[in-house]
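Enquirer: Here is my input; please provide its structure:
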Amino acid sequence: MDKKSVDPVLLEQLVHRGQRCIALRFPFNPLSIAAAKQAGAKWSQTHRCWYTPNTPGNLKAIFTAFKGLAWVDMNGLRNKAPAAVGTMHGLPTGTVAKTKTLAERQVLNPVQQHALDAMRRKLEIARYGERSIPVYLNTTKQLFQFHPEKHPNDIRTEDIEAFQHHLAKERKVSNSTLNQAVNAIRYYYVNVVGDAKRVSAIERPRKETKLPHVLSEDEVASILRNVPNLKHRCILLLIYSAGLRLSEVIGLELTDISPERGQVLVRSGKGRKDRVTLLSQKAFATLQDYLAQYKPKRHLFEGVDGGPYSPRSVQAIFHRARAKAGITKPATVHTLRHCFATHLIENGTDLRYIQALLGHASSKTTETVTPSPSRCIPTSPPKPLARSAAHWTTWTSDGRALRNSIRSGRLYAIGILQPSPEIAAMRQ
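Expert: Purely as a prediction, here's the structure:
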């Protein structure tokens, strides 16, 4: 065989068994194979190519072995790009992303897993929430799986944009999921790798303005009536009457209920913030019956093992009750929290007070979860399930309270005087 007829040898970056390597890709040729062996390369059945550890000495050995035999193209090493030719798992490397979903791709190699472990440690040191950490890690894992042959630190801005495009066009994820992906990837490369420049130019999706689904007071009452189990009804009732998140209600302990002050203390809510919200007379009456019957020891709502109640069980309770009530509009457990805020604001309670009850840092956040007009002057009392109070507060145009709602340490349910007829009937 004429040596001049041997095809070029393409050198590329490769991570094999957790080690940075140089991939040698060329068509089958005994002379090229002999030269690769002379350079110390070995055959990888997984990556379907020859490889050798990525060291200056090995790179020099490759050029020495192929000198006068074949042209050695090392542009793949300079660009740190994924393989353009050859196969992986029997498929062309360029088609892996198109023929397999992220979940179906190979498991993380040791280097990628080590990078995720380092990210987990950083997130835990920064005290990110128990629900935020898995979201960040899963998104970053998908990025690594999208570029399986690349070392995590070698993924470039263009590679990140390709992953974003895959999420947006092929998987058609929501804008909030795309935004989560940006947050996770930014965190990894800024806080773990220490390369803020790499992610400074990646795009965020345009913000969406969507109003939440809200049930009427009659629909909420109908759902609560269709929960026969006392414990289950108490959970949903407390979510609605206090404006709690699902994670907050199952995290309540017995010491967080203060009936003499009419308060529910929420500890380490979203953003690890504590706050105080309302304990209605109706909710407390139902709660007393529940405590007398079930006698929980620590958590207000205990699971079968004595720990916190399962969030999936609460979701199942709500959807069964919604189906029994014949309500077909979209609604989840979190909808009850939106209903709490919306029903208050529809009946004239000031937006800033509702903001404090919901635990929002900004009133703009409160406005996004209340489809009703905001900042209205109270003309009639609000009517959700909330305790009666002898005082209620009106507000001036600049938001200052004309009457202080916190008097002698007691939180008054401002603006909440009378329940609706449908809700009032449930008290009897």
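
Enquirer: got any ranges where the protein has weak pLDDT?
Expert: 1-6, 79-106, 363-365, 367-428 (pLDDT under 70).

Enquirer: domain assignment for it?
Expert: 3-99, 104-199, 217-425 (automatic domain parsing).

Enquirer: Let me see the ranges of the strands in this structure.
Expert: Using DSSP state E, the strands of the chain run over residues 9-16, 19-25, 42-44, 49-53, 72-74, 87-88, 91-92, 257-258, 263-266, 275-278, 406-407, 410-411.

Enquirer: Packing partners of the fourth one?
Expert: Which is strand 49-53. strand 9-16, strand 19-25, strand 42-44, helix 56-66 (3 or more Cβ pairs under 8 Å, 6 or more residues apart in numbering; DSSP states H and E). Every C-beta, even on glycine, is put in place using the N, C-alpha and C of the backbone.

Enquirer: hmm, back to that, so for residue 140, which of the strands of the chain sits nearest?
Expert: Residue 140 lies closest to strand 9-16 among the strands of the chain, at 16.0 Å (Cβ to Cβ).

Enquirer: send the alpha carbons of the closest one over as PDB?
Expert: What follows is strand 9-16, C-alpha atoms only, in PDB (Å, rounded to 0.1, in the frame of the first residue of the first chain):
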ATOM      1  CA  VAL A   9      -5.700  10.800  11.400                       C
ATOM      2  CA  LEU A  10      -8.100  13.000  13.300                       C
ATOM      3  CA  LEU A  11      -7.200  13.800  16.900                       C
ATOM      4  CA  GLU A  12     -10.000  14.800  19.300                       C
ATOM      5  CA  GLN A  13     -10.700  15.300  23.000                       C
ATOM      6  CA  LEU A  14     -12.100  12.200  24.800                       C
ATOM      7  CA  VAL A  15     -13.000  11.300  28.400                       C
ATOM      8  CA  HIS A  16     -12.500   7.600  28.900                       C
END
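
Enquirer: on that earlier part again, rebuild the helices and strands packed on strand 49-53 as TSV, extending it with mean neighbour count and distance to residue 301.
Expert: Shown next, in TSV, are the helices and strands packed on strand 49-53 (neighbours: other Cβ atoms under 10 Å; distance: least, Cβ to Cβ, whole Å):
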stretch	mean neighbour count	distance to residue 301
strand 9-16	23	47
strand 19-25	22	50
strand 42-44	14	54
helix 56-66	15	62
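
Enquirer: For residue 306, which of these is the nearest?
Expert: Checking these against residue 306 by Cβ to Cβ gives strand 9-16 as the closest, at 45.6 Å.

Enquirer: Could you check how far the residue sitting nearest the centre point of the chain is from residue 177?
Expert: For the chain, the residue sitting closest to the mean C-alpha position, by Cα atoms, centre = their mean, is residue 135 at 4.5 Å. Here residue 135 is placed at a distance of 9 Å from residue 177 (Cβ to Cβ, to the nearest Å).

Enquirer: rewinding a little: can you put the domains of the chain in a markdown table and add distance to residue 210?
Expert: Below are the domains of the chain laid out as a markdown table (distance: least, Cβ to Cβ, whole Å):
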| stretch | distance to residue 210 |
| --- | --- |
| domain 3-99 | 31 |
| domain 104-199 | 9 |
| domain 217-425 | 8 |
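
Enquirer: Okay, residue 366 and residue 253: tell me how far apart.
Expert: In terms of Cβ to Cβ, residue 366 sits 27 Å off from residue 253.

Enquirer: Same question for residue 10.
Expert: Relative to residue 253, residue 10 is positioned 63 Å away (Cβ to Cβ).

Enquirer: Could you do residue 108 as well?
Expert: Distance of residue 108 to residue 253, computed by Cβ to Cβ: 38 Å.

Enquirer: Same question for residue 361.
Expert: Residue 361 is 24 Å from residue 253, by Cβ to Cβ.

Enquirer: Tell me who's in contact with the closest residue to residue 249 other than its chain neighbours.
Expert: Spatial nearest neighbour of residue 249, excluding adjacent residues (Cβ to Cβ, 6 or more residues apart in numbering): residue 239 at 5.2 Å. Listed by Cβ atoms under 8 Å, 6 or more residues apart in numbering, the contact partners of residue 239 are 246, 249, 333, 336, 337.
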